[in-house]
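Undergrad: Give me a 3D structure for the following:
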Amino acid sequence: AQVVPMEDMNLHFTGDFHAITSAHSLLSAMIDNHIYWGNEAQIDQRRVTWRRVVDMNDRSLRQITSSLGGVANGFPREDGFDITVASEVMAILCLARDLKDLERRLGDMIVAYRRDKTPVFCRDIKAAGAMTVLLKDAMQPNLVQTLENNPAFVHGGPFANIAHGCNSVIATTTALKLADYVVTEAGFGADLGAEKFMNIKCRKAGIAPDAVVIVATVRAMKMNGGVAKADLGAENVEAVKAGCPNLGRHIANVKSFGVPVIVGINHFAGDSEAEVQAVKDYVAEQGSEAVLCKHWAEGGAGIEEMARKVADLADSGAAQFKALYPDEMPLFEKIEAIAKGIYHADGVDADGKIKAQLKEWEAQGYGTLPICVAKTQYSFTTDPTRRGAPTGHRLPVREVRLSAGAGFVVAICGEIMTMPGLPRVPASESIRLNDEGLIEGLF
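TA: Below you'll find the predicted structure:
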């Protein structure tokens, strides 16, 4: 199910990300412009919560001071950037049902607070209308096709480690009207993408899954079993077995939502039969089935068995979907429910300031919102080096942010950054146009 053209999709595609960045930046400019021209909304410049965004991993922009250079440039204040995929505008685009809903949600975003700590909304700055205009085309789902001419929507991109990790509601609901079976991705592990799909997207869109496919690899099992990345190519059945409890936890977590699970083993050429069988045997012990999938090499023919089993599972009526927590549960208890129920942590660590902030939002009427946890995707814990299915850990909450327009509260945990940085050797060093004008090094 490889969608094409890959180069275009991984670069500018239809310009949706640019539109989101532009709409977000328009609001940033209008906030500072509002303050410059008399500050009618009485914004406390120390309490501007709206951060800027750019679609680039640039750690130097995480914390900045803006409006330097004298009176003509405005009032200096602390500021900062997130990456575009973490923008609340991105989340709203993916959760809005139509343009009217989009404009309403944009207007509901809290951008700052006054000295009396009452919120200032985007609608107070009169930015929602122009932002909607910038986003009117980006709201349309992008129709692409696979190499075998199957239709697919690619729409939105909120990363699951720092945002809610699901494609747009409008793409999913449109697909449900057009096809007998709709497959939608919620990536970065079932502890992030799937949890947020269930607790945020399904709750907001009024939809429920009939079945869940957990994608696993033999290599991932070996890594969770303690094998270094450089050694993953060598056969190591015992390491596969040692790493399988990580998969087992994902299976149990998804089943806790009342949805049946099937595991797809994404085949690599170096996987041995014994390693694949070890995964199949383990999954069978968990009361589910694992199917070897060779679509990367063989296309649709390599995954036909899996497709038929998924369709049968979806048609079985076995799903009894239920969210992890009720709307009425207090915000901090919702964070605890995710920490204990999904991450298997002993509890949550948050200082009094964070708990007081959550209580304040509850008093303002936001207590029924779901939680969006920002956390590393490499571990059930906030330590990316802890593999497997660890227990005896706690979830440290560093910061909480209210996304009133999107309709959730973000809990930022551990060392995760909403503005990533480039690695020591960024992929961009190897990307170029060859003599034929074709892109090299992008994959």
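Undergrad: Show me the helices in the stretch 301-443 of the chain, by range?
TA: Per DSSP state H, counting those that start in this stretch, the stretch 301-443 of the chain carries helices over the ranges 304-315, 331-341, 352-361.
Undergrad: Now tell me what touches the first one from outside.
TA: Counting contacts by C-beta atoms under 8 Å, 6 or more residues apart in numbering, the residues outside helix 304-315 that touch it are 181, 183, 210-211, 213, 260, 262, 264, 289, 291, 293, 300. From N, CA and C alone the C-beta is placed, and that goes for glycine too.
Undergrad: Closest one to Leu61 out of the residues you listed, please.
TA: Set against Leu61, the nearest of these by C-beta to C-beta is Val183 (36.1 Å).
Undergrad: and the residue lying closest to the closest one once chain neighbours are set aside, what element?
TA: In space, and not counting its chain neighbours, Val183 is closest to Val213: 7.5 Å by C-beta to C-beta, 6 or more residues apart in numbering. Here Val213 sits within strand 212-216, counting by DSSP states H and E.
Undergrad: Ala374 contacts Ile162, doesn't it?
TA: Yes: with contacts counted by C-beta atoms under 8 Å, Ala374 reaches Ile162, the gap being 4.6 Å.
Undergrad: got any residues that touch both of the two?
TA: Counting by C-beta under 8 Å, 6+ apart, the residues touching both Ala374 and Ile162 are 416, 418.
Undergrad: quick one on the thing from earlier: out of the contacts of helix 304-315, what pair is the most spread apart?
TA: Farthest pair in the contacts of helix 304-315, by C-beta to C-beta: Pro260 and Gly300, 23.1 Å.
Undergrad: For the two, work out which one has more neighbours and name it.
TA: Shown here are Pro260 and Gly300; by other C-beta atoms under 10 Å, Pro260 has more neighbours (21 against 13).
Undergrad: Report the contact partners of that one.
TA: For Pro260, counting by C-beta under 8 Å, 6+ apart, the contacting residues are 211-212, 288, 313, 316, 318-319.
Undergrad: And it, how far from Ala314?
TA: Look at Pro260 and Ala314: by C-beta to C-beta, to the nearest Å, they are 9 Å apart.
Undergrad: just the buried members of the contacts of Pro260?
TA: 211-212, 288, 313, 319 (16 or more other C-beta atoms under 10 Å).
Undergrad: of these, closest to Asp349?
TA: Closest to Asp349, out of all of those and judged by C-beta to C-beta, is Val212, at 30.3 Å.
Undergrad: Okay, the closest one and Pro326: tell me how far apart.
TA: Taking C-beta to C-beta, one finds Val212 at 21 Å from Pro326.
Undergrad: same question, Arg432
TA: Distance from Arg432 to Pro326, by C-beta to C-beta: 53 Å.
Undergrad: What are the structural domain limits within this structure?
TA: Per the TED database, the domain ranges recorded for the chain read 3-135, 210-316, 331-412.
Undergrad: and the last one, how far apart are its ends?
TA: Between the start and the finish of domain 331-412 there is a gap of 14 Å, counting by C-alpha to C-alpha, to the nearest Å.
Undergrad: tell me how far that domain is from the chain's mean position?
TA: Put simply, domain 331-412 sits 15 Å off its chain's centre (C-alpha atoms, centre = their mean, to the nearest Å).
Undergrad: Also the longest one?
TA: Centre-to-centre, domain 3-135 and its host chain are 19 Å apart (C-alpha atoms, centre = their mean).
Undergrad: cool, the second one as well?
TA: On the basis of C-alpha atoms, centre = their mean, the separation between the geometric centre of domain 210-316 and that of its chain is 22 Å.
Undergrad: Show me the strands in the stretch 151-300 of the chain, by range?
TA: Per DSSP state E, counting those that start in this stretch, the stretch 151-300 of the chain carries strands over the ranges 151-154, 212-216, 261-266, 289-293.
Undergrad: got these as CSV, with distance to Val85 and mean pLDDT columns?
TA: Listed next are the strands of the stretch 151-300 of the chain as CSV, based on distance: least, C-beta to C-beta, whole Å; pLDDT from 0 to 100:
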stretch, distance to Val85, mean pLDDT
strand 151-154, 14, 93
strand 212-216, 21, 97
strand 261-266, 24, 98
strand 289-293, 28, 98
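Undergrad: Could you dump those into a markdown table and include distance to Ala252?
TA: Output for the strands of the stretch 151-300 of the chain, formatted as a markdown table (distance: least, C-beta to C-beta, whole Å):
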| stretch | distance to Ala252 |
| --- | --- |
| strand 151-154 | 30 |
| strand 212-216 | 11 |
| strand 261-266 | 9 |
| strand 289-293 | 15 |
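Undergrad: Among the ones you listed, single out whichever gets nearest to Phe332.
TA: strand 212-216 (28.0 Å).
Undergrad: Poorly predicted segments of this structure, please.
TA: 1 (pLDDT under 70).
Undergrad: okay, which residue of it is out on the far edge from center?
TA: Val71 (40.3 Å; C-alpha atoms, centre = their mean).
Undergrad: Could you report the separation of it from Tyr36?
TA: 10 Å.
Undergrad: Just give me the longest helix of the protein.
TA: Counting residues, the longest helix in the chain under DSSP state H turns out to be helix 16-36.
Undergrad: all strands of the stretch 301-443 of the chain, in order?
TA: Taking DSSP E, counting those that start in this stretch as the criterion, the stretch 301-443 of the chain carries its strands at 348-349, 371-374, 395-403, 408-413, 432-433, 439-440.
Undergrad: Output the helix or strand following the longest helix of the chain as CSV, restricted to C-alpha atoms.
TA: Next along the chain after helix 16-36, taking DSSP H and E as the criterion, comes strand 43-48. This file holds the C-alpha atoms of strand 43-48, laid out as CSV (Å, rounded to 0.1, in the frame of the first residue of the first chain):
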residue,chain,number,x,y,z
ILE,A,43,-3.3,41.4,27.3
ASP,A,44,-0.7,40.8,30.0
GLN,A,45,2.5,40.6,27.9
ARG,A,46,4.0,38.2,30.5
ARG,A,47,1.1,35.8,29.9
VAL,A,48,1.0,35.5,26.1
